[in-house]
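Enquirer: next comes the sequence, and after it the predicted model I'd like to discuss.
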Amino acid sequence: MPDFTSTFKSSPLSKILLLTAFCAFFNLNILRASHEGHEDKGATHTKTEVSNEHEIAGVTDEPEKPIGKQVSDMILGHIGDNHYWDAFGHYVLLPLPCIVYTESQGLQFFMSSQFHHGEHAYNGMKLVNMGAKIVWEDAAKTEKIYDFSITKVAATVILGSIVLLVIFIGVARTYKKRAGMAPKGFQNLIESLFIFMRDGVIKSSVGPRYKQFMPLLMTIFWFIFIVNLMGNIPFFPGGANATGNIAIPLVMALVVLLYVSVNANKNYWKHIFLPDVPVGLYILLIPIEILGFFLRPFVLMLRLFANITAGHIIILGFFSLIFIFGSMKEAVGYSVAPASVAFTIFMGMLELLVSFLQAFVFTLLSSLYIGMAIEEHGHEHATEKH
């Protein structure tokens, strides 16, 4: 009988499983502490004292929420944006820079800690929607607030870009030092993924002019991949649902649309506005082609946004089952915990794969769209004659 124990120990699978299990139990302890904190407050404090979620929302006089509402608020708060970075659950909130402009007060720079987790107003403004939005304390005031703050998602994008630069600058320096030598270690891993994306995706999809679009497509792939991986880390500097925030996929999809529009040749535009069909069909086909032109980047955006957001919701949902059942009876919560943690570990492992797949799919479809736009039909016919 083969020795599976030695195989498991010698493979990186054990390290991956161990890390994922640690992340799962770490999140479990955070959620449990949060739930116990709510119970303790209800037993020892007055009804006017509220949880961190209430404080950030600016609510100070409501009774404790039912467990279902607490779970939904926790999940929505996680997948949404925030002016704080919850480094270790709701007990360690890192303040982020607030940049606000109003006509009456001008441009203001301050840290979100000035709001004291939503307990206090600052310069007539307060935080609502679990820290996601800055509004006037006086609800009757209608002056518009222009918020350019560095939120959790924006900070993750900046941090992910820095990580991307550090990785590739480091790999480039290693190539110079080891010129002519075979890559090894981390350099070998990066090179393998790079060559796979270059030859297996970009080159085959874009065509002979693939080098012109390599910087854009490689940046898109590695940025999505790194930010997705950071989102799977349950504590600082991870945990943010960056590509699950609709604004990030939207901007990347618009960049791809812009590249397609600028670099498309006359054959591409002719296919849209003067298709090779009887003129009588123009009234039907041209609107469909124009709609398809805008739907392609929309599908790019929606696929990335929906898949990443769904993964975060499912993982948090599995964890929350422990406390939902535990609120009925403590023993039931403990009995559900093993299955809940097991499913969460499984989903955590799956999300590592999804992080790569979504980056891969976004880059593949972007390459195909660009390849369709720059394809030279005349060149193909000439090649076939030869």
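Expert: Happy to help now that I have it.
Enquirer: other SSEs contacting the longest helix seen in the chain?
Expert: If you go by DSSP state H, the chain has its longest helix at helix 282-328. In terms of contact count using 3 or more CB pairs under 8 Å, 6 or more residues apart in numbering; DSSP states H and E, helix 282-328 is assigned the packing partners helix 12-44, helix 67-79, helix 210-231, helix 247-263, helix 266-273, helix 330-374. No exception for glycine: its C-beta is placed from N, CA and C like everyone else's.
Enquirer: mean pLDDT, mean neighbour count and distance to residue 159 for those helices - can I get that in JSON lines?
Expert: JSON lines is the format used below for those (pLDDT from 0 to 100; neighbours: other CB atoms under 10 Å; distance: least, CB to CB, whole Å):
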{"stretch": "helix 12-44", "mean pLDDT": "44", "mean neighbour count": "14", "distance to residue 159": "18"}
{"stretch": "helix 67-79", "mean pLDDT": "76", "mean neighbour count": "17", "distance to residue 159": "17"}
{"stretch": "helix 210-231", "mean pLDDT": "93", "mean neighbour count": "20", "distance to residue 159": "7"}
{"stretch": "helix 247-263", "mean pLDDT": "94", "mean neighbour count": "17", "distance to residue 159": "13"}
{"stretch": "helix 266-273", "mean pLDDT": "90", "mean neighbour count": "14", "distance to residue 159": "37"}
{"stretch": "helix 330-374", "mean pLDDT": "89", "mean neighbour count": "18", "distance to residue 159": "16"}
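Enquirer: including distance to residue 174, could those helices go into JSON lines?
Expert: Below are the helices and strands packed on helix 282-328 laid out as JSON lines (distance: least, CB to CB, whole Å):
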{"stretch": "helix 12-44", "distance to residue 174": "21"}
{"stretch": "helix 67-79", "distance to residue 174": "37"}
{"stretch": "helix 210-231", "distance to residue 174": "17"}
{"stretch": "helix 247-263", "distance to residue 174": "28"}
{"stretch": "helix 266-273", "distance to residue 174": "40"}
{"stretch": "helix 330-374", "distance to residue 174": "23"}
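Enquirer: ok, back up a step: next, the angle helix 266-273 makes with the longest helix of the chain.
Expert: When axes from the mean of the first three to the mean of the last three CA atoms, to 10 degrees is applied, the directions of helix 282-328 and helix 266-273 differ by 80 degrees.
Enquirer: in stretch 269-287, what's buried?
Expert: Buried residues in stretch 269-287, defined by neighbour count with 16 or more other CB atoms under 10 Å: residue 271.
Enquirer: endpoints of it, how far apart?
Expert: 13 Å (CA to CA, to the nearest Å).
Enquirer: thinking again about what came up before, quick check: angle from the longest helix of the chain to helix 67-79?
Expert: Per the same axes, to 10 degrees, the angle that helix 282-328 makes with helix 67-79 is 130 degrees.
Enquirer: and helix 282-328 with helix 210-231, angle?
Expert: Going by the same axes, to 10 degrees, helix 282-328 makes 20 degrees with helix 210-231.
Enquirer: give me the angle between helix 282-328 and helix 247-263.
Expert: Using the same axes, to 10 degrees: helix 282-328 against helix 247-263 is 160 degrees.
Enquirer: for residue 183, find the nearest of the helices and strands packed on helix 282-328.
Expert: helix 210-231 (16.9 Å; CB to CB).
Enquirer: next, the angle helix 330-374 makes with the closest one.
Expert: 170 degrees.
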